[in-house]
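Undergrad: Could you work out the structure for the sequence below:
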Amino acid sequence: MPEIFEYFGFIFFFYSNEHEPIHVHVLHGETQSVFDLILDDGILQDLMMRNVGGYAGLSQKNAKIADAFIRKYALEIVGKWVDYFVMKKKVECVEITKRI
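TA: Predicted coordinates:
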């Protein structure tokens, strides 16, 4: 389970056996949601949030924070997805300490 970002109590990660579309899991405390990145010609068009079985979904407030973070770091998330799942490279977790 590669963690890719930590941001003020939010953990952004992939499971090791993921599938398309490109998506990122977001864990905050006991809650978790998944965000599908909708891309067109390499440009983020939209994010679609969905819940994960066995977990309560992110609160509305935390979902807005996660959404804003993913929009800001979408290209890096896609790059880490490609590195990990396509290129079979190890990806490092980056702690973001500056609020967006």
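
Undergrad: Would you map the helices across this protein?
TA: Taking DSSP state H as the test, the helices found in the chain are 60-72, 74-81.

Undergrad: orientation of the longest one relative to helix 74-81 in degrees?
TA: Taking axes from the mean of the first three to the mean of the last three Cα atoms, to 10 degrees, helix 60-72 and helix 74-81 form an angle of 80 degrees between their directions.

Undergrad: For helix 60-72, list every residue counted as buried.
TA: Residues 62-63, 65-67, 69-70 are the ones in helix 60-72 that count as buried (16 or more other Cβ atoms under 10 Å). C-beta: built from backbone N, CA, C; applies to glycine.

Undergrad: quick one on the thing from earlier: nearest to Ile38, out of the helices of the chain?
TA: Proximity to Ile38 (Cβ to Cβ) singles out helix 74-81 among the helices of the chain, at 10.1 Å.

Undergrad: what's that closest one packed up against?
TA: strand 3-7, strand 31-40 (3 or more Cβ pairs under 8 Å, 6 or more residues apart in numbering; DSSP states H and E).

Undergrad: follow-up on the earlier one: okay if I get the buried residues of helix 60-72 as a markdown table plus distance to Gly53?
TA: A markdown table is the format used below for the buried residues of helix 60-72 (distance: Cβ to Cβ, whole Å):
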| residue | distance to Gly53 |
| --- | --- |
| Asn62 | 19 |
| Ala63 | 17 |
| Ile65 | 23 |
| Ala66 | 18 |
| Asp67 | 21 |
| Phe69 | 23 |
| Ile70 | 21 |
